[in-house]
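Asker: This is the structure alone, sequence omitted:
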């Protein structure tokens, strides 16, 4: 029975993905910074562990405890919607430390054993905002675009070892805590120049008009990447993300 380790399972995409893999009979290691055991079905195949992707000791303990990992899903991350001019340096660092360096740290922790076994799959969840420039998410977008670039090179490096690598690009989702988690980092509402732009962004996100991405869309895309060797390197998850990818001229 294969084992999948998923980061960021306390809500949204990670939680839905853990549920799907459990339903399919996999061994699921659902990791969270603050573990919650009551949000997932009771199962002998489920292990819930504390993991902070910015904490090397936390990563080492989890990887050692779990043992062989067939599929790694790097889903943990957070967002911040702030004008580039106004973003706090500490917020910028946190975005890259969590979204980019946290993903890299997980890859480096899991990849050696995958390489020894000559098998394994690494799936990195980024964002469809990397497909086109948008205001107020420049630093967040950069942190996710860096993971896209890293994944492309990683796919080349690991192919000789029988290891597949994929990137999932979700769209805007009302089912995640992205907006809630981003609000504490918001700056600029007291700036006359940026205020209209920020208020428009907040209103647009809350209304969620038009196509959106559901957590199930992302879970299904991750499942496909984990089980279908013919899955492309980049997978748009959600109707809006698929539209953006088509507009960007990417397969």
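Answerer: In hand now; what should we look at? Keep in mind the model is a prediction, meaning the values are calculated, not measured.
Asker: what's the single longest helix in this structure?
Answerer: Looking across the chain with DSSP state H, the single longest helix is helix 138-158.
Asker: Low-confidence stretches in the chain?
Answerer: Scanning the chain for pLDDT under 70 picks out the ranges 175-183, 185, 206-208, 251.
Asker: could you point out the longest strand in the chain?
Answerer: strand 163-170 (DSSP state E).
Asker: Quick one: list the elements packing against it.
Answerer: Helices and strands touching strand 163-170, by 3 or more CB pairs under 8 Å, 6 or more residues apart in numbering; DSSP states H and E, are helix 102-117, strand 120-125, helix 138-158, helix 215-227, strand 234-237, helix 239-247. (Glycine included, C-beta is placed from N, CA and C.)
Asker: what's the first one in contact with?
Answerer: Contacts with helix 102-117, where a contact means CB atoms under 8 Å, 6 or more residues apart in numbering, come from 5, 7, 53-54, 56, 59-60, 63, 68-69, 72, 74, 76-77, 120, 122, 124, 147, 150, 154, 158, 161, 163.
Asker: Now the buried members of those residues.
Answerer: Among the contacts of helix 102-117, those classed as buried by 16 or more other CB atoms under 10 Å are 5, 7, 53, 59, 63, 69, 72, 74, 76-77, 120, 122, 124, 147, 150, 154, 158, 163.
Asker: Tell me the spacing between the spatially most distant residue from the centre of the chain and residue 199.
Answerer: Computed with CA atoms, centre = their mean, the residue of the chain farthest from its C-alpha average is residue 192, at 33.7 Å. Distance, residue 192 to residue 199, using CB to CB, to the nearest Å: 12 Å.
Asker: related to what we said a few turns ago, so which bits of the longest helix of the chain are buried?
Answerer: Residues of helix 138-158 classed as buried by neighbour count (16+ other CB under 10 Å): 138-148, 150-151, 154-155, 158.
Asker: just stretch 95-106 next, same as before
Answerer: Neighbour counts over stretch 95-106 (16+ other CB under 10 Å) mark 95, 98-106 as buried.
Asker: Show me how far it is from its chain's centre.
Answerer: Taking CA atoms, centre = their mean, to the nearest Å, one finds stretch 95-106 lying 10 Å from the centre of the chain it belongs to.
Asker: Same question for stretch 71-90.
Answerer: With CA atoms, centre = their mean, you get 11 Å for stretch 71-90.
Asker: same check, this time on stretch 15-27
Answerer: For stretch 15-27 - counting by CA atoms, centre = their mean - the centre lies 16 Å from the chain centre.
Asker: oh, and call the first residue 28 from now on, that's how I've got it
Answerer: Shifting the count to begin at 28 puts that one at stretch 42-54.
Asker: If we go by neighbour counts, what in that stretch is buried?
Answerer: Going by 16+ other CB under 10 Å, stretch 42-54 has these buried residues: 42-49, 53-54.
Asker: cool, and stretch 261-275?
Answerer: So stretch 261-275, judged by 16+ other CB under 10 Å, has buried residues 261-265, 267-272.
Asker: Max pairwise distance over the residues you listed: which two?
Answerer: 261 and 267 (15.4 Å; CB to CB).
Asker: Quick check: the gap between residue 264 and residue 109.
Answerer: 25 Å.
Asker: And residue 93, by the same measure?
Answerer: 36 Å.
Asker: cool, and residue 241?
Answerer: Residue 241 is 26 Å from residue 109, by CB to CB.
Asker: isn't residue 250 right up against residue 48?
Answerer: Yes - using CB atoms under 8 Å, residue 250 is in contact with residue 48, at 7.1 Å.
Asker: Report the contact partners of residue 101.
Answerer: So residue 101 contacts 34, 80, 129-130, 133-134, 149-152, 174 (CB under 8 Å, 6+ apart).
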